[in-house]
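Visitor: need a 3D model of the sequence below.
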Amino acid sequence: MEIAALLITLIAGAFFLLGALVAWRVKDRTVLEAYSVAVAFGSLALVAATDLLPEAIEIAEELGWPVVLVLVAAGAFALVLLDHVMPDHHDGEGEEGAAHLGAMAVLAVSVHNLAEGAAIFAIASQDVSAGLALALGVGLHNAPMGMLLYSTMEHNRARGIAVLAAASLSTFVGGFIMFALGGVIDDVVMDGVVCVALGMIAYILLAELLPAMVRGGDVKRSVIGVVIGAAFVLAGSLFG
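Guide: Next up is the predicted model:
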């Protein structure tokens, strides 16, 4: 049963590849980048508002707001540091800046997926059908990130493929940690991962994706993309 549960975590990660496949079929790169950024924004904003934020509030009731705020700030600060050490940022403009944006967004989602992978494994170990449903729900959150990452791969395809592969395995890694530890991880550790992921995603939304949409200047595409991204998350919530 545990091996089956571990394999189920791969389903959620496979949706990164599905998103990339959809993006691969779009030939107009300008349109692809505009929509992928907006789709990513819509999906991440809804995940933060309906999933991570409520969890953080519950965690704050147990551990206290100071602890939660420090962890959230730590997640955002980690990306601020990464923002400055990654050499190909160029203030978010051009192909290199787009590649930077995609890698940052996928990193934030992957941290979140460590906790999701642990949850999928724990549930699937007891009920395979419930685990499959949760994996599908998480996967639908991942698909927009696959679209975003593929849209930024033109400048450095080798690095893009490596990041895409790592992102696709992030949920599996969370499940494998649970498997290796016998299915037992301290709840405090998982709570910390949730809060750090919330800080990372908040930074990505406000410092990376939103400015990128403003620079794009196409309000219609942005609105459509945000709605599509939110729809992915809402569809996922039906299963998760």
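Visitor: starting at the chain centroid, how far to the helix or strand of the chain with the lowest mean pLDDT?
Guide: Sorting the helices and strands of the chain by mean pLDDT, DSSP states H and E puts helix 94-126 at the bottom, at a mean of 78. Offset of helix 94-126 from its chain centre (Cα atoms, centre = their mean, to the nearest Å): 4 Å.
Visitor: what stretches of this structure score poorly on pLDDT?
Guide: Applying pLDDT under 70 to the chain flags the ranges 85-100, 154-156, 183-185, 240.
Visitor: give me the residue at the spatial middle of it.
Guide: The residue lying closest to the centre of the chain (Cα atoms, centre = their mean) is Val109, at 2.1 Å.
Visitor: just give the closest residue to that residue, not the sequence neighbours.
Guide: Once flanking residues are discounted, Val109 sits nearest to Met145: 5.0 Å by Cβ to Cβ, 6 or more residues apart in numbering. The way it works is simple: take the backbone N, C-alpha and C, and place the C-beta from them, glycine included.
Visitor: could you check how far Ala4 is from Gln126?
Guide: Distance check for Ala4 against Gln126: by Cβ to Cβ, to the nearest Å, it reads 11 Å.
Visitor: just Gly174 next, same as before
Guide: 17 Å.
Visitor: Ile11 now?
Guide: Here Ile11 is placed at a distance of 17 Å from Gln126 (Cβ to Cβ).
Visitor: list the buried ones in stretch 31-50?
Guide: Using 16 or more other Cβ atoms under 10 Å as the test for burial, stretch 31-50 gives 32-48.
Visitor: could you do stretch 214-223 as well?
Guide: So, applying 16+ other Cβ under 10 Å, buried residues of stretch 214-223: Gly216, Arg221, Ser222.
Visitor: kindly reformat the residues you listed as TSV containing distance to Val196.
Guide: TSV is the format used below for the buried residues of stretch 214-223 (distance: Cβ to Cβ, whole Å):
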residue	distance to Val196
Gly216	29
Arg221	32
Ser222	28
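Visitor: which element follows the least confident helix or strand of the chain toward the C-terminus?
Guide: Tracing the chain C-terminally past helix 94-126 and defining elements by DSSP states H and E, one meets helix 128-151 next.
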